[in-house]
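Student: curious how this folds, go ahead:
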Amino acid sequence: MLDDDVRNFTVEPYYIHYQLSNDNKHLLRCCFYDSPAQDKKLISMIRSYLLRSECFIIVYDITDYESFQRCEFWKKEILENCKKDVNVMLIGNKIDLEKERKVPKEEGLGFAKENDYYFRETTCLDVSTVTDAFETFIINSFINIKYKDDY
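Tutor: This is a model prediction of the structure:
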């Protein structure tokens, strides 16, 4: 039997449209699914989304070392349940709380480099850091996917 938290769970899609050039020929439509990383009871449902995805963004809280440790869990899920050569970005969030930082930037960057992930740190209080991270990742992922499809 599912408890109330699981019964009320939904995976929320967020659609974002990007125009990659001024000639209106390159429109990239992205759909982001926000999943509750802390709820492993839902992993079988989340895996169905992993199977169909080309790119992933793993976000951890720089003030919560346990959230950073869960990145290893998501890395394993991506490796076991996805196509090869997917693009992944690791984001350390809440850099506005630098005084409360528990995850050194070097450790996040090291994890990203070790796994060939893109890496950024952001804060939702400065939307430009989030926008820059997402746009850079989306454009680079599109280029990588298109390049693979050309062969």
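
Student: mind listing what's buried along the helix ranked longest in the chain?
Tutor: Longest helix in the chain, counting residues (DSSP state H): helix 127-149. By 16 or more other CB atoms under 10 Å, the buried positions in helix 127-149 come out as Thr129, Val130, Ala133, Phe134, Phe137, Ile138, Ser141, Phe142, Ile145. (Each C-beta comes from the backbone N, C-alpha and C, glycine too.)

Student: cool, and stretch 114-122?
Tutor: Quick answer for stretch 114-122 (16+ other CB under 10 Å): Asn115, Tyr117, Tyr118, Phe119, Arg120, Glu121, Thr122.

Student: secondary structure, pLDDT and distance to Ser44 added to these, as JSON lines?
Tutor: Below are the buried residues of stretch 114-122 laid out as JSON lines (DSSP: H, G, I helix; E, B strand; the rest coil; pLDDT from 0 to 100; distance: CB to CB, whole Å):
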{"residue": "Asn115", "secondary structure": "coil", "pLDDT": "94", "distance to Ser44": "24"}
{"residue": "Tyr117", "secondary structure": "coil", "pLDDT": "93", "distance to Ser44": "25"}
{"residue": "Tyr118", "secondary structure": "strand", "pLDDT": "92", "distance to Ser44": "28"}
{"residue": "Phe119", "secondary structure": "strand", "pLDDT": "95", "distance to Ser44": "29"}
{"residue": "Arg120", "secondary structure": "strand", "pLDDT": "94", "distance to Ser44": "30"}
{"residue": "Glu121", "secondary structure": "strand", "pLDDT": "95", "distance to Ser44": "32"}
{"residue": "Thr122", "secondary structure": "coil", "pLDDT": "94", "distance to Ser44": "30"}
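
Student: Lys113 reaches Glu106, doesn't it?
Tutor: No: contact criterion CB atoms under 8 Å: Lys113 and Glu106 do not qualify, at 10.1 Å.

Student: the more surrounded of the two?
Tutor: Lys113 (11 against 8; other CB atoms under 10 Å).

Student: now the more buried one. Nearest residue, chain neighbours left out?
Tutor: Phe119 (7.5 Å; CB to CB, 6 or more residues apart in numbering).

Student: give me the secondary structure label for Lys83.
Tutor: Here Lys83 is coil, with the state taken from DSSP: H, G, I helix; E, B strand; the rest coil.

Student: great, nothing more from me.
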